[in-house]
Every structure is written in C-alpha cells, then in structure tokens.
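S.K.: sequence first, then the predicted structure, then my questions.
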Amino acid sequence: MHPRTTITPELRDWILTTTRDGHSVVDVLQLMKDSGYDPRQSRSMVAEVLKLPLAALTAQPVSAPPRGQRTRHPEAPEINVDGHRVGVSLSVGVPSLRVLENMLSPQECDELIALAQPRLTRALTVASDGSNQVDQRRTSEGMFFGLNELPLVGRIEQRLATLLDLPMNHGEGLQILHYLPGQEYEPHFDWFDPQQPGYDTITAAGGQRIASVVMYLNTPELGGGTAFPGLGLTVTARRGTAVYFAYEGGDQTSLHAGLPVQRGEKWIATKWLRERPYRNPRRV
Ligand SMILES: O=C(O)CCC(=O)C(=O)O
C-alpha cells in the first residue's frame, strides 16, 4: 500500500499539462521534488493522475541521472536524425566531447547568418551576481533567438534534442556570435559556479548548464577554432560542423576558448543545455 494523498485540481492539471508538453515522468518527479514535495507522495500522485501502475514509477530514478550522463553522447559514425545525416568524426571520453559533421546544412548556416546579422550587438557574459556584463574576455558580437522563434530555429533545436535525447525545452535560446580578426573568447567554463552569489538566480530557471553545442556557420580563412587547453585539442571551425561537450558544475576538463580569428571572419551558433526545462522570460 502506498500513502493516501490528496491531489488538488491545480496539481492534477499541472501534471497532465507538463507531461503533455513533452516532459518525462522523471522530469515531473524532479520538479515536484524541487518544489518541496515528498518523493514517495509525488510518485503516488503522478501514478494516480497518469493512471500508471505505481511500480512503473518506483522503478524509475527520481534523482538526476549519473554525472555527465544527462544527455546522450552520439556514438555511431553516422546518425540519421529525422532524415538529416550527422557524422561523428572525433570522440573524447572526459569531458564527453564529439565533433559532429554536417550538423547544419550549408543553406541553414547561410540563413542563420542572414537572420542574425541585423540583430547583432556586443556579446556579453554572465556576471557572478547573475547580471549580463560587457567583458574584455569576450569581444565578439552576438544575438539570441527565442526558443523555437522561427521554423528554421525550431528545426535545428529539434535535431539537437533528438540527437542528444534531451527535450528541446532544456535548451537556452540559440545564440549567434560573429567574430572579426583579433576577436576571441578567452578560456572559460560554460557551467555556473555554485560559489558565486548569483548562482541561485542564474539557475532558478532550468538549473545548471550540462552541455554546450558550438556550431560553425562558416569557415574562417585562418584561426577561430575552439580550443580545449586541458585536452591539448583544437576543433577546427568548418561550416556545418559542430562540437558538443557535456559537463557538470565544477568540471575543470571542459575549459575551452574561441581562439582569435586571424584572417576572415567567424560565425557560430551556440546552444547551451540545462538540467531541467528552461525558459527565459526575457527572450521567449
Ligand atoms: O567561439 C568559440 O569557438 C567558442 C564559443 C564559446 O565558448 C561560447 O560561446 O561559450
């Protein structure tokens, strides 16, 4: 027997809407846990609302998946993602890193650049208090698309979601960056430092970042690769290719940098993925 629970109409609606929106039962249980619900009671309530046998939920992990395994790390040399063929040309174990060929078609790259160009402003970084700041370490220009803002953006977001087995709404809006000669992004981590005062604000929606995908929209004439100093690895920026890497907060191996462009220009689209569904009210 499991404990008797009272399910309010609001909670019933929320469970139904959240699962219909594409969240897994594990997500729902985690969100309830984050809101202070007792995990045993949550399982009973979700089982009742979704008319599932309680045993099916008890068998599921209620806590987050093991470190570094929240996204699927693509393994096969070539993967058919909803009719689009993505190749894996390089794999690293720690951090989990893949170089993905043909992540975007040449047309998709050109369209993203054309759409972003009129909306570019100086790229910012997230300050320790959670605000956005101008930062000498990041000298490019950029812009954000809202989640699923345009059919093209939604199609790319869905491709990433399928490839990495993570619902689309765990992604922050797609960011486009433009670098000119000499511009760069000095070595940094994409995860947020739990010791920083703004950590709770930054992670209130979506939790910690868990993976990044940097997609190259053009091929700079020289320079502009993405370097991983701890691995002695530089991923060459080539149109349509991407580098995906997964990490946990505090993971030192994911240190990376956008190297200075030496000749030509560099365009990238970056997707940051969160541990839970993310929605930025300012951008979506
Ligand atoms: O420009 C690059 O190659 C890397 C970009 C990057 O690290 C970022 O946007 O977080």
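M.R.: Received, thanks.

S.K.: please make it C-alpha for all contacts and neighbour counts, starting now.
M.R.: Noted.

S.K.: interface residues of the protein facing the ligand?
M.R.: 190, 225-226, 256-258, 270 (CA under 6 Å from any ligand atom).

S.K.: farthest-separated two in those residues?
M.R.: 190 and 225 (16.8 Å; CA to CA).

S.K.: let's see stretch 207-218 as CSV, backbone CA atoms only.
M.R.: Extracted in CSV, the C-alpha atoms of stretch 207-218 (Å, rounded to 0.1, in the frame of the first residue of the first chain):
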residue,chain,number,x,y,z
GLY,A,207,19.1,24.6,-13.2
GLN,A,208,22.8,24.1,-14.0
ARG,A,209,24.1,24.0,-17.6
ILE,A,210,25.0,20.4,-18.5
ALA,A,211,26.3,20.6,-22.1
SER,A,212,27.2,23.0,-24.9
VAL,A,213,27.0,22.7,-28.7
VAL,A,214,29.0,25.2,-30.8
MET,A,215,28.0,25.0,-34.4
TYR,A,216,30.2,26.7,-37.0
LEU,A,217,28.3,28.7,-39.6
ASN,A,218,31.2,29.5,-41.8
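
S.K.: I'd like the average pLDDT over that stretch.
M.R.: Stretch 207-218 shows an average pLDDT of 97 in the prediction.

S.K.: just to revisit the earlier point, tabulate the residues of the chain next to the ligand in CSV, adding columns for neighbour count.
M.R.: Shown next, in CSV, are those (neighbours: other CA atoms under 10 Å):
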residue, neighbour count
190, 21
225, 22
226, 22
256, 21
257, 21
258, 25
270, 21
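
S.K.: in the chain, what residue is nearest the ligand?
M.R.: residue 258 (3.5 Å; CA to the nearest ligand atom).

S.K.: how close does that residue get to residue 172?
M.R.: Distance, residue 258 to residue 172, using CA to CA, to the nearest Å: 20 Å.

S.K.: one more: residue 8?
M.R.: Using CA to CA, we find residue 8 at a distance of 31 Å from residue 172.

S.K.: kindly report the same for residue 127.
M.R.: From residue 127 to residue 172 the distance is 17 Å (CA to CA).

S.K.: try residue 154
M.R.: Distance, residue 154 to residue 172, by CA to CA: 12 Å.

S.K.: list residues touching both of those two?
M.R.: Common neighbours of residue 154 and residue 172, using CA atoms under 8 Å, 6 or more residues apart in numbering, are residue 147.

S.K.: which of these two has more neighbours?
M.R.: Higher neighbour count among residue 154 and residue 172: residue 172, with 25 against 16, using other CA atoms under 10 Å.

S.K.: my read: that one touches residue 272, true?
M.R.: Yes - contact criterion CA atoms under 8 Å: residue 172 and residue 272 qualify, at 5.6 Å.

S.K.: could you list the low-pLDDT ranges of the stretch 1-150 of the chain?
M.R.: Across the stretch 1-150 of the chain, the ranges flagged by pLDDT under 70 are 1-5, 19-24, 53, 55-69, 130, 136-137.

S.K.: quick one: the strands in it?
M.R.: Secondary structure of the stretch 1-150 of the chain by DSSP state E, counting those that start in this stretch: the strands cover 78-81, 84-92, 97-101, 121-122, 125-126, 132-133, 141-144.

S.K.: looks like residue 183 contacts residue 260 (just checking).
M.R.: Yes - using CA under 8 Å, residue 183 is in contact with residue 260, at 5.2 Å.

S.K.: helix or strand: which one has residue 202?
M.R.: Using DSSP states H and E, residue 202 sits within helix 199-203.

S.K.: show me what that helix is packed against.
M.R.: Under the contact criterion of 3 or more CA pairs under 8 Å, 6 or more residues apart in numbering; DSSP states H and E, helix 199-203 touches no helix or strand at all.

S.K.: other SSEs contacting whichever helix or strand comes after that helix?
M.R.: Next helix or strand after helix 199-203 toward the C-terminus (DSSP H and E): strand 209-216. Counting contacts by 3+ CA pairs under 8 Å, 6+ apart, strand 209-216 packs against strand 242-246, strand 266-274.

S.K.: neighbouring strands - and their directions - for strand 209-216?
M.R.: strand 242-246 (antiparallel), strand 266-274 (antiparallel) (DSSP bridges).
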